[in-house]
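> Okay, sequence plus prediction incoming.
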Amino acid sequence: MAHGDATGIVSSHARSGFRAQPRRASVSPDYGSPVFAQLRDASADAWQGHVTHEFVRQLGDGSLHRGAFVHYLRQDYVFLFHFSRAWALAVVKSESLKEMELAAGTVHALVNEEMQLHVKTCAAEGISAEALFATEEAPENLAYTRFVMDTGLSGDLLDLLVALVPCVIGYGEIGRHLAGTAKVDQAHPYRNWIDTYSGDEYQATCRQVGALLERCAAARIGPALVSSPRWPRLVQRFRAACLLEQNFWSMGLRGGY
């Protein structure tokens, strides 16, 4: 997820855009967020299953079946529809003007920029806007997006962010890793995807999301996060989102066959 509005967390082609971006931001593994690092470390197996999934590996080495990639693109468009709803809910859950500005900017970027970019990308694959919008939602997609919405409805902004972060920062880590290890030349079939998520703009988005997570946790819990009664539940939500990301990749891998 990402889009470049002065007040938004997301940039004009982030969480699923496919235009090449300047490479490559030098970032710390935790994107400046000790809270994220603690959540990731507490869910290490689920996190690794997400960011090193077979779909990701094949995308990186260029062997991913084009049909699988297009299937993933269509489902990701549906995902973004509900992802936008979740960020709209973040506006409702905000407790400060700054939180509201960030959430509102993200909704605008997702709806008016990134989803429109998906329409253009899929059009290049012969998929009309009408067909894209009519895409039947895969069960894995439905499970993930409704989990995020339920988390936001039943909890506060911190709960919601914990469910959103594995997607946002996960794509950043994947892009950074593939850019550093894959042979990404002009002939690579998924070069634009890798360039997007390894690029400076998206990497900056991940740091912004990390900063929002830090601010949100500090305001609602304070410095004693891990010893807080809320910590086990937050880890559970983060881990569940990582597992749902794995299922989403697996769904994409099965597509087109």
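Arrived safely, thanks for sending. Residues are numbered from 1 along each chain as shown.
> Quick check: residue 60 touching residue 193?
No. Assessed by CB atoms under 8 Å, residue 60 is found out of contact with residue 193, at 9.7 Å. C-beta: built from backbone N, CA, C; applies to glycine.
> With neighbour numbers in mind, choose between the two.
A side-by-side neighbour count of residue 60 and residue 193, using other CB atoms under 10 Å, places residue 193 first with 26 against 23.
> which stretches of the stretch 51-200 of the chain have low pLDDT?
Low-confidence segments of the stretch 51-200 of the chain (pLDDT under 70): 114.
> mind listing the helices for it?
54-61, 66-93, 97-109, 115-123, 129-133, 139-154, 157-181, 191-198, 200-220 (DSSP state H, counting those that start in this stretch).
> Apart from its neighbours in sequence, what residue is nearest residue 133?
residue 77 (7.9 Å; CB to CB, 6 or more residues apart in numbering).
> about what we covered before: tell me which of the helices of the stretch 51-200 of the chain lies nearest to residue 34.
Taking CB to CB, helix 200-220 is the member of the helices of the stretch 51-200 of the chain nearest to residue 34, at 7.2 Å.
> between that closest one and helix 97-109, how big is the angle?
Calculated by axes from the mean of the first three to the mean of the last three CA atoms, to 10 degrees, helix 200-220 forms an angle of 140 degrees with helix 97-109.
> In terms of secondary structure, what does helix 200-220 contact?
helix 34-42, helix 97-109, helix 157-181 (3 or more CB pairs under 8 Å, 6 or more residues apart in numbering; DSSP states H and E).
> Pick the most deeply packed of those.
helix 157-181 (a mean of 24; mean count of other CB atoms under 10 Å).
> contacting residues around stretch 151-160?
86, 89-90, 93-95, 99, 148, 162-163, 213, 216-217, 220-221, 230, 233-234, 237 (CB atoms under 8 Å, 6 or more residues apart in numbering).
> can we see that at 6 Å?
Residues from elsewhere that reach stretch 151-160 (CB atoms under 6 Å, 6 or more residues apart in numbering): 86, 89-90, 93, 163, 216-217, 220, 237.
> Now for the closest residue to residue 251 other than its chain neighbours, how many residues are close by?
Excluding the flanking residues, the one nearest residue 251 by CB to CB, 6+ apart is residue 140, at 4.1 Å. Neighbours of residue 140 under the rule other CB under 10 Å: 20.
> which residues touch residue 140?
247-248, 251.
> Now for residue 252: which residues touch it?
With CB under 6 Å, 6+ apart, residue 252 has these contacts: 55, 68, 72.
> is it possible to export these to TSV including neighbour count?
Formatted as TSV, the contacts of residue 252 follow (neighbours: other CB atoms under 10 Å):
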residue	neighbour count
55	21
68	19
72	24
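> Could I get those in TSV, plus columns for distance to residue 49?
Below are the contacts of residue 252 laid out as TSV (distance: CB to CB, whole Å):
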residue	distance to residue 49
55	11
68	18
72	17
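> wait, which of those is closest to residue 109?
residue 72 (21.0 Å).
> I'd say the residue nearest to residue 133 and residue 119 touch.
No. Using CB atoms under 6 Å, residue 77 is not in contact with residue 119, being 7.7 Å away.
> and these two? which has more neighbours close in?
Each of residue 77 and residue 119 has its neighbours counted (other CB under 10 Å); residue 77 has more, 22 against 15.
> quick check, nearest of the contacts of residue 252 to residue 183?
Using CB to CB, the contacts of residue 252 come closest to residue 183 at residue 55, 18.2 Å.
> Next, the contact list for the closest one, please.
249, 252-253.
> What distance do you get for the residue of the chain positioned farthest from its centre to residue 64?
Here the chain reaches farthest from its C-alpha mean at residue 227, the gap being 27.7 Å by CA atoms, centre = their mean. Applying CB to CB, to the nearest Å, the value for residue 227 to residue 64 is 43 Å.
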